[in-house]
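>>> Build me a structure from this.
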Amino acid sequence: MKFQLSTFLFVFFFLPTLLSAQKDYKVGSIGFYNLENLFDTIDSPDTNDAEFLPGGSYLWNTPKYMSKQANMAKVISLLARELSPDGVAILGVAEVENRKVLEDLVAQPDLKARNYQIVHYDSPDERGIDVGLLYQPKYFKVTGSKALPVALKDPKTGEQDFTRDILYVAGEFDGELIHVMVGHWPSRRGGESGSAWMRAAAAQVARNAADSLRTLDPDAKIIFMGDLNDDPTDKSLTKVLGAKGKSDEVTNEEFYNPMYDLYKNGNGTMAYRDAWSLFDQVVVSKAFVNKKAAGWQLYKAMVYRQPWLLQTEGAFRGYPFRTFVGTIFINGYSDHLPVYLFFLKKP
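Reported below is the predicted structural model:
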């Protein structure tokens, strides 16, 4: 698959424009990264973490855990550095077992100086994986947070299922109130069409939360991000969440999805059966693309794709360089590539 944002094209076409913008505006960056099974090595009686124990199928142990932590920190430390020496100010994350693994992550040498703080709640997911938010307090001040449960009830059987909550965080981004939601929608296990209702249910929770915020402030600045297990063109995004691919068509009741054009142009964040998908997305409310509005405005969306983040050999050559192939530890990064947005603001 052809990728439009190759390193060559970025350096020679986009970077001069970005550097020019940096001279006239404040620059902020907000991103998302699925950390792919960031489990500790300790048995948790409340979750199904048996595979990620020293005696489990992955033979997960302290050296592997520490290497995984260092690898994740390396990637995060480099995000958005083309404009900001401090990298991303806010980062949503997925597939983390608990708060402790995030505490270990932000304490890694590559990240420690940034003083990332954590917002995290335990989710009812049966595997015990959660979402979370990392933020640099010099740029973002949290004013409130809560977990938004996603109730899954099979429309055919009536059976109850459990998945990750959506994390909601309100705060001041360089003094400006923004609302951030982080999700990890249900997977396509059982097939895309058969599981679509679950992702639609998760999308509806996010939409309801956004609508409530808009009731209080029609111009609320809302960011929704996550591993959505759907592409920008799927109905959970376009119909349920109301995320459109053209900024000039977005109403106050909808979102603008800057990942839409990236996907249409051949970009992806994860690969399966020789096809790329862009499941990792960050969408924004109209106030971020309203040129008449003051404060932060969306500038550009990016997929962070570097040669060293891709496998260079074997059956999965060209795929994201992940931690395991099957149960074999290959000491990679994640099966997803991270994404981030740049925002501009006049001083």
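>>> Pull the number of nearby residues for Q306.
Neighbour count for Q306, taken as other CB atoms under 10 Å: 12. Any C-beta I mention is one placed from the backbone N, CA and C, and that applies to glycine too.
>>> roughly how far apart are it and F279?
Noted for Q306: a distance of 19 Å to F279, by CB to CB, to the nearest Å.
>>> again with Y33
Applying CB to CB to Y33 and F279 gives a distance of 12 Å.
>>> which residues do these two both contact?
H336 (CB atoms under 8 Å, 6 or more residues apart in numbering).
>>> Return the set of buried residues in the lengthiest strand in the chain.
Taking DSSP state E as the criterion, the chain has its longest strand at strand 26-38. Neighbour-count burial for strand 26-38 flags 27-38 (criterion: 16 or more other CB atoms under 10 Å).
>>> packing partners for it?
The contact analysis (3 or more CB pairs under 8 Å, 6 or more residues apart in numbering; DSSP states H and E) places strand 26-38 against helix 62-78, strand 90-96, helix 99-106, strand 176-184, strand 222-227, strand 280-285, strand 339-345.
>>> Mind checking what secondary structure R164 has?
Here R164 is coil, with the state taken from DSSP: H, G, I helix; E, B strand; the rest coil.
>>> thinking it is in contact with P149, fair?
No: the criterion here is CB atoms under 8 Å, and R164 misses it with P149 at 9.6 Å.
>>> who has more neighbours, those two?
Between R164 and P149, counted using other CB under 10 Å, the more crowded position is R164 (26 against 14).
>>> Now that we're looking at the more buried one, what pLDDT does it have?
On the pLDDT scale, R164 is placed at 95.
>>> which residues does it contact?
94, 123, 125, 129-131, 150, 183-185.
>>> how close does it get to G326?
25 Å.
>>> buried set for the lengthiest helix in the chain?
What stands out as the longest helix in the chain, according to DSSP state H, is helix 192-216. Neighbour-count burial for helix 192-216 flags 195-196, 198-203, 205-207, 209-210, 213-214 (criterion: 16+ other CB under 10 Å).
>>> and which of the residues you listed is nearest to M66?
Proximity of these to M66 was ranked by CB to CB; the top entry is A202 with 32.8 Å.
>>> which of the contacts of R164 has the weakest pLDDT?
Ranking the contacts of R164 by pLDDT, D125 lands last with 89.
>>> Pretty sure that one sits against D161.
No: contact criterion CB under 8 Å: D125 and D161 do not qualify, at 9.9 Å.
>>> Looking at the two, which one has more neighbours?
D125 (20 against 16).
>>> Could you check how far the nearest residue to that one once chain neighbours are set aside is from R99?
Of all residues not flanking D125 in the chain, R164 sits nearest, at 5.0 Å (CB to CB, 6 or more residues apart in numbering). Separation of R164 from R99 (CB to CB): 15 Å.
>>> Give me the below-cutoff pLDDT ranges for the protein.
1-23 (pLDDT under 70).
>>> Distance from the helix or strand containing G171 to the middle of the chain?
Remark: G171 resides in strand 166-173, with elements defined by DSSP states H and E. Strand 166-173 sits 14 Å away from the centroid of its parent chain (CA atoms, centre = their mean, to the nearest Å).
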